[in-house]
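Chemist: fold the following, please.
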Amino acid sequence: MRKRAAVLCGAVVVVAGTLTAVPADASAPRTADLASAARPSWKKCGTTDYPTLQCASLKVPLDHASPHGRQITLALSRVPHTARKYQGPLLVNPGGPGGSGLSLAGFVASALPKAVAAQYDVIGFDPRGVGASKPALNCEPGHFDPVRPDSVPVTRTIEKANLTRAKSFADACGKKYASLLPYINTVAAVRDMDSIRAALGARRINYFGYSYGTYLGAVYAKLYPERVRRLVLDSIVDPTGVWYDDNISQDYAFNDRHRAFMSWIAKYHATYKLGTDPEKIEAKWYAMRAALAKKPADRKVGASELEDTFIPGGYYNGYWPHLAEAFAAYVNDKNAEPLVEAYEDFAAVDASGDNGYSVYTAVQCQDASWPRDWGQWRKDNWAVYDRAPFMAWNNAWYNAPCAFWPQEAGKPVNIANGKLPPTLLFQATNDAATPYEGGATVHRMLARSSLVVEQGGGNHGITLSGNTCLDAYLTAYLTDGTVPRGHHGPDAVCRKLPDPKPLSAKAASTSARGSTLHGLLGFRR
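Modeler: Okay, here's the model as predicted:
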């Protein structure tokens, strides 16, 4: 049974980290790798939202053990520092694996206080295989085209159809990218990050990662502890469950989050007319699922697509009002149009999504071994489904290509680390995608780390999303290395943001900042 976070409290003391405000390495690189590294050629690529954004590319070895062998290209972005006080590069990553980080640099630079952002070169990058990096993976275009088989394999026919899809995807990746797949994994991406560091002329980097980006950052810190200046991890992957066990843990947490959404709808019966009893509302949701399994809406939204549409609500409660309106329209008015629109907004997969999923599977299947006996998957996921049905089988099929992956898997990295400067961790107690225990585990594994908790929060990705208490700790740390120090458990606790209200002009405007972040982080992270 998954542990639940207890009420968190305790005295908090704020202390300063032992980090210099202006690093010597910011202007005077001295190591041999810096002298030999080619510098990126930055060009303007600003957008309306991020007008100062610059772009560049960097060649790195496909196999870092053969530095003079085949080269691949990483796409980089930058918002350059403007202040006289320069604190070096701040690499940012949105998670995934498979998430593009180019726009995240612009977001982070604009969301941080201007005086703080101005002291860093905020660096985004598309990890190997992703987005604008070349080559970019796309194993099987259209893999998620609707309508897919029902995710719940209540018959052998349904199970076989889903198994065929999963195996087909794994086979397509193996045939199309046989020479690439052995090098699409977390450790290779970490080696790329160090190539970026060298190309930027920095002896040490600052790093800020969300979701899977927390594992990426922790692995970088394990392999290159002397090259880490500041490390911020938000919504933290449990590194002891990579990746099969972590996905099982997600299923229970997402079921809890879905039920929290049902309770939220019950509070607004006057708006949605779905009742005041969360359990009865949940029953209506599953009745809607059963109806769509028999007759998909607009030949687009069947049972599996419905799950895809509502899973984002487990990542970010700002989507709840939109999802509740679509739910109510279908149940009360027999109107499927809002549901189809919600599917297209939150769940439909385009070419970018195909690319992201291809990298996601390549990294997760390659990072660690997965059960090859489908009987174990069947047993484990039916056991989960009996207690937490919302996402159990949907998540299983999402990861099922790993049961048939054509490449041999590596081993997870033990990220335990006593060689780092003070680091800062953020975690919500009710996060579904990366449950609370991951943050608590990494807090124990990283000596001198400080854990800031959002008590009662359920969103995934919690800094720079409107919570001023959390952002104050982030700002202090990026300003001068200051971290909170508590006596037991978490080092600091912040209250969660209020849940959203039903849609209105005011509600839409107040959630805009958070939704920008969550649009960049995406889902399945």
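Chemist: which SS state does residue 41 fall under?
Modeler: Here residue 41 is recorded as coil under DSSP: H, G, I helix; E, B strand; the rest coil.
Chemist: where in the stretch 201-350 of the chain is pLDDT low?
Modeler: For the stretch 201-350 of the chain, no stretch is flagged by pLDDT under 70.
Chemist: actually, the stretch 401-525 of the chain.
Modeler: In the predicted model, the stretch 401-525 of the chain carries pLDDT under 70 at residues 505-514, 524-525.
Chemist: which residue ranges form the strands in it?
Modeler: 423-428, 449-455, 482-486, 492-495 (DSSP state E, counting those that start in this stretch).
Chemist: go on, the chain?
Modeler: 12-16, 43-44, 54-61, 71-79, 89-93, 121-126, 205-210, 228-234, 423-428, 449-455, 482-486, 492-495 (DSSP state E).
Chemist: mind putting these into CSV with distance to residue 416 and mean neighbour count?
Modeler: To be clear about C-beta, it is placed using only N, CA and C from the backbone, and glycine gets the same treatment. Listed next are the strands of the chain as CSV, based on distance: least, C-beta to C-beta, whole Å; neighbours: other C-beta atoms under 10 Å:
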stretch, distance to residue 416, mean neighbour count
strand 12-16, 23, 13
strand 43-44, 41, 9
strand 54-61, 27, 18
strand 71-79, 28, 22
strand 89-93, 21, 28
strand 121-126, 26, 27
strand 205-210, 18, 28
strand 228-234, 14, 26
strand 423-428, 13, 27
strand 449-455, 11, 24
strand 482-486, 19, 19
strand 492-495, 23, 20
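Chemist: the residue sitting furthest away from the middle of the chain: what's it in contact with?
Modeler: Most distant from the centre of the chain: residue 333, at 35.5 Å, with distances by C-alpha atoms, centre = their mean. By C-beta atoms under 8 Å, 6 or more residues apart in numbering, the contact set of residue 333 is empty.
Chemist: and for residue 226?
Modeler: By C-beta under 8 Å, 6+ apart, the residues touching residue 226 are 204, 419.
Chemist: ok so, going back, so which of the strands of the chain comes closest to residue 294?
Modeler: For residue 294, the closest of those is strand 423-428, at 37.0 Å, according to C-beta to C-beta.
Chemist: which neighbouring elements make contact with that closest one?
Modeler: The helices and strands touching strand 423-428, judged by 3 or more C-beta pairs under 8 Å, 6 or more residues apart in numbering; DSSP states H and E, are strand 228-234, helix 436-445, strand 449-455, helix 468-480.
Chemist: mind redoing it with 10 Å?
Modeler: strand 205-210, helix 212-223, strand 228-234, helix 436-445, strand 449-455, helix 468-480, strand 482-486, strand 492-495 (3 or more C-beta pairs under 10 Å, 6 or more residues apart in numbering; DSSP states H and E).
Chemist: direction included, what does that strand pair up with?
Modeler: If you go by DSSP bridges, strand 423-428 pairs up with strand 228-234 (parallel), strand 449-455 (parallel).
Chemist: turn those into TSV, including distance to residue 120.
Modeler: Shown next, in TSV, are these (distance: least, C-beta to C-beta, whole Å):
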stretch	distance to residue 120
strand 228-234	10
strand 449-455	20
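Chemist: which among those is found nearest to residue 422?
Modeler: Across those, residue 422 has its closest neighbour in strand 449-455 (6.6 Å, C-beta to C-beta).
Chemist: can you report how many residues lie near residue 290?
Modeler: Neighbour count of residue 290, defined by other C-beta atoms under 10 Å: 11.
Chemist: apart from its neighbours in sequence, what residue is nearest it?
Modeler: Leaving out its chain neighbours, the residue that sits closest to residue 290 by C-beta to C-beta, 6 or more residues apart in numbering is residue 303, at 7.6 Å.
Chemist: for residue 64, same thing?
Modeler: Computed as C-beta to C-beta, 6+ apart, the closest residue to residue 64 that is not its neighbour in sequence is residue 191, at 4.2 Å.
Chemist: just residue 387 next, same as before
Modeler: Among residues not flanking residue 387 along the chain, residue 252 sits closest, at 7.2 Å (C-beta to C-beta, 6+ apart).
Chemist: count of residues packed around that neighbour?
Modeler: 20.
Chemist: same question, the one 10 residues further on
Modeler: Here the neighbour count serves as a burial measure; for residue 262 (other C-beta under 10 Å) it reads 21.
Chemist: please apply the same query to residue 378.
Modeler: Residues lying near residue 378 (other C-beta under 10 Å) number 13.
Chemist: separation between it and residue 393?
Modeler: 10 Å (C-beta to C-beta, to the nearest Å).
Chemist: name the residues contacting each of those two.
Modeler: Shared contacts of residue 378 and residue 393, defined by C-beta atoms under 10 Å, 6 or more residues apart in numbering, comprise 153, 159.
Chemist: the residue nearest to residue 290: what's it in contact with?
Modeler: When contacts are counted by C-beta under 10 Å, 6+ apart, residue 303 touches 147-152, 286, 288-294, 296, 393-394.
Chemist: who is the closest residue to residue 214 other than its chain neighbours paired with across the strands?
Modeler: Leaving aside its chain neighbours, residue 214 sits nearest to residue 233 (3.9 Å; criterion: C-beta to C-beta, 6+ apart). Residue 233 has these beta-bridge partners by DSSP bridges: residue 209, residue 425.
Chemist: residue 233 contacts residue 208, correct?
Modeler: Yes - if you go by C-beta atoms under 10 Å, residue 233 and residue 208 touch, sitting 8.2 Å apart.
Chemist: what residues are shared contacts of the two?
Modeler: Shared between the contact lists of residue 233 and residue 208 (criterion: C-beta under 10 Å, 6+ apart) are residues 214, 217, 424.
Chemist: and the gap between the first one and residue 101?
Modeler: As for residue 214, its distance to residue 101 is 14 Å (criterion: C-beta to C-beta).
Chemist: looking at the two, which one has more neighbours?
Modeler: Remark: of residue 214 and residue 101, residue 214 carries more neighbours, 31 against 28, as counted by other C-beta under 10 Å.
Chemist: do I have it right that the more buried one meets residue 242?
Modeler: No - using C-beta under 10 Å, residue 214 makes no contact with residue 242, being 11.7 Å away.
Chemist: so what sits against both of the two?
Modeler: Joint contacts of residue 214 and residue 242 (C-beta under 10 Å, 6+ apart) are residue 415.
Chemist: coming back round to it: next one: the residue farthest from the centre of the chain from residue 273, what distance?
Modeler: The gap separating residue 333 from residue 273 is 9 Å, by C-beta to C-beta.
Chemist: do residue 266 as well
Modeler: Taking C-beta to C-beta, one finds residue 266 at 11 Å from residue 273.
Chemist: repeat that for residue 385.
Modeler: 30 Å.
Chemist: between the two, which one's more packed in?
Modeler: Each of residue 385 and residue 273 has its neighbours counted (other C-beta under 10 Å); residue 385 has more, 19 against 11.
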